[in-house]
Each structure stands twice: as structure tokens, then as C-alpha cells.
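> No sequence on hand, only this structure:
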């Protein structure tokens, strides 16, 4: 089932990214990242992720953001410094495709490390990668099911 979900998600998002869009435009066009797009705007990170890159973004879906209690999410969206830290914790410098992912630690743009796991599917900290290798012209998106919080 995981494989089918991963393939279906990748196919749906790959169709969107076939138009050679940057990471932000690719995510927005997919229609499943409205909260992420709002958060990127609130943090002032849209231009950065539209930049040259390359970037690897572990992108939480709207469903992932829905797991965060509304009061906590509202507070986060109003705290630009904390929001920026959370969002940049989802970004790794360079273009890391699924074939390049190895278990272990990887440093984020935020400065902390994410823990990558590969047993039973790819995980990033406590999030599952539900679609991988969504290509953008300035990097790659791996879709995750949980919002990651820096340690």
C-alpha cells in the first residue's frame, strides 16, 4: 500500500512539475500545500525558495498541518522567527533524490539535524515520506505526513 501511495503521489505531483516550475510554484500548483504556502509567505521565505537553490524540501501537506493544534498553528504563524526556524528545518541544501537518501543525520538550512530512516519506508524524524522525487527546476520536494519541529 505504501508503494502505491508513493507512486500515486509522485505521479500526480510530477505532472504538475513537468512544466519546470520552482519549488514554491510546484507546491502551490499541487493544491495540497495551501498551509505551507501561507506559512512561507508569513515567514518571508517565498523568494528564497524561488531562488537558485538547489534545495530539498520535506513538504508537509495540509493534512499534516491539520495535526497541529489550531491554537499552536495560529501562534506559530504570528511568530515570524519561530515560523522561519520551523520551515527552514524542513529544507536541506542541495538536491537529494530518493536514490541518494541514506539513514542517518542530515543538516538542515535551519542548522539542526534531521534523522533519516529507511526501514519500512523513508522517514524524516517522526514523519513518513508519502511521495518522493517531485522535481522542481531548483530542487526536489519529498512530501511528508507530519510537520517537523526543530529540537
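Okay, I see it. Everything numeric in this text was worked out from a predicted model, so none of it was measured. Residues are numbered from 1 along each chain as shown.

> those strands in the protein, which residues are they?
Assigned by DSSP state E, the strands in the chain fall at 55-60, 91-93, 104-107, 113-117, 123-124, 127-136, 139-144.

> The third one - what's its average pLDDT?
Okay, so that is strand 104-107. The average pLDDT within strand 104-107 is 96.

> Stretch 130-146 now?
95.

> quick one on the thing from earlier: need the strands of the chain in JSON lines with mean neighbour count and distance to residue 82, can you?
The C-beta positions use only the backbone N, C-alpha and C, and glycine is treated the same way. Formatted as JSON lines, the strands of the chain follow (neighbours: other Cβ atoms under 10 Å; distance: least, Cβ to Cβ, whole Å):
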{"stretch": "strand 55-60", "mean neighbour count": "24", "distance to residue 82": "16"}
{"stretch": "strand 91-93", "mean neighbour count": "20", "distance to residue 82": "16"}
{"stretch": "strand 104-107", "mean neighbour count": "12", "distance to residue 82": "20"}
{"stretch": "strand 113-117", "mean neighbour count": "17", "distance to residue 82": "18"}
{"stretch": "strand 123-124", "mean neighbour count": "20", "distance to residue 82": "20"}
{"stretch": "strand 127-136", "mean neighbour count": "21", "distance to residue 82": "19"}
{"stretch": "strand 139-144", "mean neighbour count": "25", "distance to residue 82": "19"}
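
> Tell me which of those sits nearest to residue 26.
In terms of Cβ to Cβ, the element of the strands of the chain nearest to residue 26 is strand 127-136, at 4.4 Å.

> And stretch 61-78, how far out from the chain middle?
Its chain's C-alpha centre and that of stretch 61-78 lie 15 Å apart, by Cα atoms, centre = their mean, to the nearest Å.

> If we ignore the residues flanking it in sequence, what's nearest the spatially most central residue of the chain?
Centroid-nearest residue in the chain, with Cα atoms, centre = their mean: residue 59, separated by 1.7 Å. In this structure, residue 59 finds its nearest non-sequential neighbour in residue 141, 5.0 Å apart by Cβ to Cβ, 6 or more residues apart in numbering.

> Residue 95 now?
In space, residue 95 comes closest to residue 54 once its chain neighbours are excluded; the distance is 3.9 Å by Cβ to Cβ, 6+ apart.

> I'd like to know which helix or strand in this structure has the lowest mean pLDDT.
Every helix and strand of the chain was ranked by mean pLDDT, DSSP states H and E. The lowest is helix 2-17, at a mean of 41.

> Cool, thanks, talk later.
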